[in-house]
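Visitor: Could you look at this predicted model? Sequence included:
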Amino acid sequence: MRLSICLGIFLYVFISACSSPQKSFDKGDYEKAYKSALKNIKKGKKSRKDKVLLNKSFNELVKQKSNEAERYLRSNDLGDWEMAYLEYDDLLDLYYDGKVQLDNSHDARLAIIQREQDTLGVDIARNYYELGSMSMDGYYEEYNKAYAQDAFLYYEKTALYDADYPAIDSLREDAFDLAVVNVLVEVNAPFERIYEWEIDRRFSDIERESEGFYEISYERNLTNVDCTLEVDFSSIDSYASEDRSAQRFSEEIEDGYETRVDTSGNSTRVPLYRTVTGEVTTIREILTYRWRVAVSVFGSRDFCDFRNRNFETQEETFRERYEISGDRRAIPSGYESSRGDFDDEDDIVDEMIDDLYREISNYYF
């Protein structure tokens with residue numbers, strides 16, 4: 001009985017797997033039907049049905065993707081032209097993936113599509129090149145690095161669609177050199193000079209955040225600064241507070257004895273017990289540190305695209321002490337002494353500097 005059930009499940013899965021390309025085709029999902037049929041064939045299955053379905057699906061894909069590409073090409077938007085290029089690209093990828101298994105009747109049509117895509121790529125590249133040139137003209141008119149950044153991105157697109165476009169590599173390099181924004185980060189901590197070394201040690205890491213169009217320098221004597229971030233540390237605020245909680249305890253203790261005599265005249269001493277109570281008040285002393293930083297931005301708003309902002313970090317450290325009332329014999333031994341002590345202030349300040357560095361570097365870069 002169990003063997004019959006397992007065999008039935010296997011046959012159902014097998015039949016479902018074999019029929020799935022046809023089901024996908026019937027639903028109009030020609031790409032899934034094509035890939036499923038191709039997968040079956042590549043696994044070594046010699047099903048004529050898969051072969052027929054592979055070619056039927058591909059025929060539909062050629063019509064579908066060609067129509068989509070033509071629809072995009074009717075637009076005057078360069079982004080739509082790129083979408084048409086991608087439709088051709090998807091179709092060609094599918095074709096070359098299954099070319100060995102497809103009938104050669106597709107070859108001539110796909111050769112035409114390949115030429116159409118190549119021509120389209122040249123047209124897209126030329127348009128992006130013209131946009132890049134216009135942006136460079138804007139840069140030289142205003143010396144606005146935002147124009148040079150646009151030009152670099154346009155030239156990147158030009159090279160993407162036509163890697164052999166004349167002089168595109170040198171044009172791209174020149175645009176990038178003009179697009180880089182030199183950012184200087186300066187830190188002031190006039191109220192906490194004892195921590196200047198720790199601040200410099202951490203914030204000098206910000207130079208590692210240089211990427212894209214931003215070249216970041218820390219506390220350097222530069223003449224070609226495009227954008228300055230002044231990081232001003234306030235003094236560290238600290239204040240103490242406490243909270244209290246009480247807990248009652250009871251303990252049964254031996255408190256003397258009594259003598260008992262049995263009927264034979266034997267006497268025994270029987271301990272007497274009584275319950276004692278006590279109370280522990282736990283006083284949690286909290287020391288809170290707060291440090292504020294104001295970042296001011298100076299530079300051309302055209303390409304120094306940062307905002308003034310304030311940052312803040314807070315750290316707490318605590319210790320506990322106990323006040324005992326009532327009978328001490330009821331109090332567990334763990335409450336006889338204070339628990340813990342405040343963390344070292346230098347360690348706390350290091351953590352706060354790390355927090356502020358992460359907040360500032362993440363926000364700006």
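Guide: That came through fine. Numbering: from 1, shown residues only.
Visitor: State the helix or strand in which E198 lies.
Guide: Secondary structure from DSSP states H and E places E198 in helix 196-203.
Visitor: Just the CA atoms of that helix, as PDB, please.
Guide: Output of helix 196-203 as PDB, limited to C-alpha atoms (Å, rounded to 0.1, in the frame of the first residue of the first chain):
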ATOM      1  CA  GLU A 196      41.500  66.400  21.500                       C
ATOM      2  CA  TRP A 197      43.900  63.500  20.700                       C
ATOM      3  CA  GLU A 198      41.100  60.900  21.000                       C
ATOM      4  CA  ILE A 199      38.800  63.000  18.800                       C
ATOM      5  CA  ASP A 200      41.600  63.400  16.100                       C
ATOM      6  CA  ARG A 201      42.500  59.800  16.200                       C
ATOM      7  CA  ARG A 202      38.900  58.700  15.500                       C
ATOM      8  CA  PHE A 203      37.800  61.500  13.100                       C
END
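Visitor: Show me which residues of whatever helix or strand comes next after it are buried.
Guide: Under the assignment DSSP H and E, the closest C-terminal helix or strand after helix 196-203 is strand 214-218. Residues of strand 214-218 classed as buried: 214-218 (neighbour count, 16 or more other Cβ atoms under 10 Å). Yep, even glycine has a C-beta here, placed from its N, CA and C like the rest.
Visitor: can you give me the angle strand 214-218 makes with helix 196-203?
Guide: Angle between the axes of strand 214-218 and helix 196-203 is 160 degrees (criterion: axes from the mean of the first three to the mean of the last three Cα atoms, to 10 degrees).
Visitor: and the next element down the chain from strand 214-218?
Guide: Scanning forward in sequence from strand 214-218, with DSSP H and E defining helices and strands, the next element found is strand 227-233.
Visitor: Give me the helices and strands touching that next one, please.
Guide: Contacts of strand 227-233 with other secondary structure elements, assessed using 3 or more Cβ pairs under 8 Å, 6 or more residues apart in numbering; DSSP states H and E, are made with strand 181-188, strand 267-299.
Visitor: Comparing the ones you listed, which comes out most buried?
Guide: Burial among the helices and strands packed on strand 227-233, expressed as mean neighbours by mean count of other Cβ atoms under 10 Å, is greatest for strand 181-188, which shows a mean of 21.
Visitor: Show me what that strand packs onto, helices and strands only.
Guide: With contacts taken as 3+ Cβ pairs under 8 Å, 6+ apart, strand 181-188 sits against helix 196-203, strand 214-218, strand 227-233.
Visitor: Which parts of the first one count as buried, going by neighbours?
Guide: What it means is helix 196-203. For helix 196-203, a neighbour-count test (16+ other Cβ under 10 Å) marks 198-199, 202-203 as buried.
Visitor: Distance to D93 and pLDDT for the residues you listed - can I get that in JSON lines?
Guide: Converted to JSON lines, those look like this (distance: Cβ to Cβ, whole Å; pLDDT from 0 to 100):
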{"residue": "E198", "distance to D93": "55", "pLDDT": "96"}
{"residue": "I199", "distance to D93": "53", "pLDDT": "97"}
{"residue": "R202", "distance to D93": "48", "pLDDT": "97"}
{"residue": "F203", "distance to D93": "48", "pLDDT": "97"}
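Visitor: what helix or strand is S325 on?
Guide: Judged by DSSP H and E, S325 forms part of strand 309-326.
Visitor: which residues touch the closest residue in space to W81 that isn't next to it in sequence?
Guide: Nearest-residue entry for W81: I124, 5.4 Å, with adjacent residues in sequence omitted and distances by Cβ to Cβ, 6 or more residues apart in numbering. I124 is in contact with 78, 81-82, 85, 157, 161, counting by Cβ atoms under 8 Å, 6 or more residues apart in numbering.
Visitor: re the thing from before, go through the helices and strands packed on strand 227-233 and find the least confident stretch.
Guide: Comparing mean pLDDT across these, the weakest is strand 267-299, with a mean of 92.
Visitor: A189: which of the buried residues of strand 214-218 is nearest?
Guide: Distances from the buried residues of strand 214-218 to A189 were compared by Cβ to Cβ; the smallest belongs to Y218, at 14.0 Å.
Visitor: Spit out the contact partners of the closest one.
Guide: Contacts for Y218 (Cβ under 8 Å, 6+ apart) come out as 184-185, 187, 203-204, 206-207.
Visitor: hang on, the earlier thing: any idea which of the contacts of I124 is closest to F176?
Guide: Nearest to F176 among the contacts of I124: K157, at 14.0 Å, using Cβ to Cβ.
Visitor: Sweet, I'm off.
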